[in-house]
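Colleague: Below is the sequence, then the predicted model.
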Amino acid sequence: MKLLLINPFSPVVSLSKIQGWNFLNKFRVWKPLGLLILARLTPPNWEVEVIDENLGPIDAQALPRPDLVGITAFTSQATRAYELSALFRAMGVPVVMGGIHATMCLAEALGHADAVVTGEAESVWPQVLADVQAGTLQRVYAGGPVSMAEIPPARHDLLAGRYHFGSIQATRGCPLNCSFCSVTAFNGHLFRRRPIENVIAELRQIREKRILFVDDNLIGTRRDHIASAKDLFRTMIREGLTRPWICQATINFPDDEQLLDLAARSGCVGVFIGFESPTVEGLIALGKKFNIRKGRDFRASVRRIQCHGITVMGSFIMGIDTDRPGIGATMARAAEDYGLDMANVLVLTPLPGTALFKEMERQGRIIANNYPADWQYYSLAHPVSQHLHFTWSELLHEMNEFHDLFYSYPKILGRVLRIFLQRRNPRNVLLSLVTNLTCRHNQLLDRKVHALRCATPEATSPTQGLRLQED
Ligand code: B12
Ligand code: SF4
């Protein structure tokens, strides 16, 4: 039996539409960990192949005919996922879909696939395969939050050599519940941790020289979460598993010196932190009050992390109802004031399953709603809804303003020089340079698409522009 698992083309990261070779392009693509876990859960009588369409286009006709196709999708990949599904189903191959989008839009996904697995798949995947073999495939398999001890190591040997970073997951779920984020809806409120020995055993199997912890918040928020993160880092140090790694965390990361020290010694070279908004009103609107701790000094917090040789990459969301014209420049100033090494600005986007989606839908503010074609714009790089104080063109102007101010070559050079002046670890120079140049490069690509979609100043509809895949 032959199983084909596919990570579809993503409008955000795909290399297939990018002309010409560029060293930075390799930093657009990241290993699809979910599919590599499914591959591990697949019994040995199945031959498994994983294809990441972001590395290059797929030629379905030229592939040996599989007995089953499994397709994953974030929302922005759903448009392409359904196209691929139709292609294989037309060849008579059954298709199973899973992942965050199919879970949040079950009815829609069922219209495009033979079966859908919702939620975490560990507990149901072997049953799906058994049913395919027995000819009794069901329409829906309800996975759910699994016991963290049940998560097997991913098949890191698959897709080897194609990415800059290997991927691993140590925790699932997030104790917070920001209105724009799908994590809690998908993985639950409970911050669940894998047994440390399982993470350590899996780390040994990763071949790549650098690692991404895909966890939404590797350290958690409570004292017991932090204690467990420290245990993980201690064990990594003791076992000599100290390859450079990056992760996502909340702003409480620098509140514990010992945590920072252990993270750095176990190989941490970079952390993504969601700052989300430079204003208190913005943070309240997004449900991220966690960031508004009395007396918190973001600049000092960032500096404390950097002192340990860890690069700080911040993320912001633009187009919140409290944002006003000038927000692009305000965000650029905030990112500079905080002393960030890199900053990413995303468009406020109602992703299915989130509180934001429900609220915007209720208010009739979701404009890009010609589904599934419009899902491709849900990449957080393009406007899809009505923003209170901006047309789409005005919002994109604010995004460009941010990028022009924060990613001018003199500013990038200034940030790199600052690393020397602050006598930080020289390894931060390369990471900072690469992340800055990648961000600059990516947003220049986004601008080309924006120019097509928002040709007129009042443009608010994606149908006024060309579809991404036709550009
Ligand atoms: C790592 C990561 C990335 C990596 C991509 C890695 C990759 N190639 O997959 C990068 C940095 C590139 C990235 C980018 C983006 N991301 Co991201 N990302 C994540 C993150 C933090 C972890 C993903 C992961 O590996 N999880 C661990 C694996 C094991 O879980 P899983 O993929 O869900 O798979 C399990 C199940 O879903 C299921 N399953 C999955 N696929 C399939 C398929 C089949 C057939 C079956 C049966 C089961 C199944 O089985 C798996 C085991 O249980 C998630 C948050 C999260 N907790 O998942 C956000 C998340 C997926 N990202 C999100 C977003 C919004 C984005 C961006 C749009 C944002 C941006 N502009 O930067 C882009 C879009 C990229 C794209 N491809 O379109 C959202 C997606 C929400 C949505 N509805 O689409 C999430 C949920 C975070 C959030 N805040 O809401 N991301
Ligand atoms: S802290 Fe991050 S992962 Fe947790 S709910 Fe907020 S945005 Fe999502």
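Modeller: Yep, it's here. Ligands and ions are numbered 1, 2, ... in the order given.
Colleague: Count the neighbours of the closest residue to residue 332 other than its chain neighbours for me.
Modeller: Nearest-residue entry for residue 332: residue 405, 3.8 Å, with adjacent residues in sequence omitted and distances by CB to CB, 6 or more residues apart in numbering. For the C-beta atoms, the positions are set from N, CA and C on the backbone; glycine is no exception. Neighbour count for residue 405, taken as other CB atoms under 10 Å: 16.
Colleague: For the host helix or strand of residue 405, name the packing helices and strands.
Modeller: Per DSSP states H and E, residue 405 falls inside helix 392-406. Under the contact criterion of 3 or more CB pairs under 8 Å, 6 or more residues apart in numbering; DSSP states H and E, helix 392-406 touches strand 311-318, helix 327-338, strand 342-347, helix 427-453.
Colleague: Spell out which parts of the stretch 101-250 of the chain neighbour ligand 1.
Modeller: 101, 104, 117, 120-122, 125, 169, 181-183, 187, 214, 216 (CB under 6 Å from any ligand atom).
Colleague: Would you confirm that residue 80 contacts residue 372?
Modeller: No. At 9.4 Å, residue 80 does not count as touching residue 372 under the criterion of CB atoms under 8 Å.
Colleague: hmm, back to that, return the set of buried residues in the helix holding residue 405.
Modeller: Residues 392-399, 401-403, 405-406 are the ones in helix 392-406 that count as buried (16 or more other CB atoms under 10 Å).
Colleague: will you turn these into a markdown table that also has distance to residue 333 and pLDDT?
Modeller: Formatted as a markdown table, the buried residues of helix 392-406 follow (distance: CB to CB, whole Å; pLDDT from 0 to 100):
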| residue | distance to residue 333 | pLDDT |
| --- | --- | --- |
| 392 | 24 | 92 |
| 393 | 23 | 90 |
| 394 | 19 | 94 |
| 395 | 18 | 95 |
| 396 | 19 | 92 |
| 397 | 17 | 94 |
| 398 | 13 | 96 |
| 399 | 15 | 94 |
| 401 | 11 | 96 |
| 402 | 10 | 96 |
| 403 | 14 | 94 |
| 405 | 8 | 96 |
| 406 | 9 | 96 |
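Colleague: tell me which of these is nearest to ligand 1?
Modeller: residue 399 (12.3 Å; CB to the nearest ligand atom).
Colleague: my guess is the closest one meets residue 345, correct?
Modeller: Yes. Between residue 399 and residue 345 there is a contact under CB under 8 Å: 5.9 Å.
Colleague: Would you mind getting the angle between the helix holding residue 405 and strand 342-347?
Modeller: Angle, helix 392-406 to strand 342-347, by axes from the mean of the first three to the mean of the last three CA atoms, to 10 degrees: 180 degrees.
Colleague: what angle sits between whichever helix or strand comes after helix 392-406 and strand 311-318?
Modeller: Once the chain leaves helix 392-406, the next helix or strand it forms, by DSSP H and E, is helix 409-421. Using the same axes, to 10 degrees, the direction of helix 409-421 lies 140 degrees away from that of strand 311-318.
Colleague: from now on call the first residue 5
Modeller: Will do, 5 is the new start, and the previous item becomes helix 413-425.
Colleague: pLDDT on helix 413-425, on average?
Modeller: Model confidence over helix 413-425, given as mean pLDDT, is 91.
Colleague: Off-centre distance for it?
Modeller: Its chain's C-alpha centre and that of helix 413-425 lie 27 Å apart, by CA atoms, centre = their mean, to the nearest Å.
Colleague: got it, and stretch 33-41?
Modeller: Distance, centroid of stretch 33-41 to centroid of chain: 11 Å (CA atoms, centre = their mean).
Colleague: Need the distance between the two termini of that stretch.
Modeller: 18 Å (CA to CA, to the nearest Å).
Colleague: count of residues packed around residue 61?
Modeller: For residue 61, the tally of surrounding residues (other CB under 10 Å) stands at 11.
Colleague: residue boundaries of the helices in the stretch 255-404 of the chain?
Modeller: 261-269, 284-289, 302-310, 331-342, 359-366, 396-410 (DSSP state H, counting those that start in this stretch).
Colleague: what sits in contact with each of residue 403 and residue 349?
Modeller: The contact sets of residue 403 and residue 349 overlap at 322, 332 (CB atoms under 8 Å, 6 or more residues apart in numbering).
Colleague: So between residue 84 and residue 376, which is more surrounded?
Modeller: Using other CB under 10 Å as the criterion, residue 84 and residue 376 rank with residue 84 on top: 24 against 20.
Colleague: what's the closest of the helices and strands packed on helix 396-410 to ligand 1?
Modeller: Across the helices and strands packed on helix 396-410, ligand 1 has its closest neighbour in strand 346-351 (5.6 Å, CB to the nearest ligand atom).
Colleague: Could you pull up the mean pLDDT of the closest one?
Modeller: On average, strand 346-351 scores 95.
Colleague: burial count for the closest residue to ligand 1 within the stretch 305-454 of the chain?
Modeller: In the stretch 305-454 of the chain, no residue comes nearer to ligand 1 than residue 384, which is 3.7 Å away by CB to the nearest ligand atom. Per other CB under 10 Å, the neighbour tally for residue 384 reads 21.
Colleague: Show the contacting residues for it.
Modeller: 16, 80, 350, 351, 353.
Colleague: do the same with residue 107
Modeller: The neighbourhood of residue 107, defined by CB under 8 Å, 6+ apart, consists of 122, 123, 190, 357.
Colleague: go with 7 Å
Modeller: By CB atoms under 7 Å, 6 or more residues apart in numbering, the residues touching residue 107 are 122, 123, 190.
Colleague: Kindly format the C-alpha coordinates of the helix holding residue 409 as PDB.
Modeller: Provided in PDB are the C-alpha atoms of helix 396-410 (Å, rounded to 0.1, in the frame of the first residue of the first chain):
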ATOM      1  CA  TRP A 396      -7.000  48.100   2.400                       C
ATOM      2  CA  SER A 397      -4.700  50.400   0.500                       C
ATOM      3  CA  GLU A 398      -4.300  52.600   3.500                       C
ATOM      4  CA  LEU A 399      -3.500  49.600   5.700                       C
ATOM      5  CA  LEU A 400      -0.900  48.400   3.200                       C
ATOM      6  CA  HIS A 401       0.600  51.900   3.100                       C
ATOM      7  CA  GLU A 402       1.000  51.600   6.900                       C
ATOM      8  CA  MET A 403       2.700  48.200   6.500                       C
ATOM      9  CA  ASN A 404       5.000  49.600   3.900                       C
ATOM     10  CA  GLU A 405       5.700  52.600   6.100                       C
ATOM     11  CA  PHE A 406       6.800  50.200   8.900                       C
ATOM     12  CA  HIS A 407       9.000  48.200   6.600                       C
ATOM     13  CA  ASP A 408      10.600  51.200   4.900                       C
ATOM     14  CA  LEU A 409      11.500  52.600   8.400                       C
ATOM     15  CA  PHE A 410      12.500  49.400  10.100                       C
END
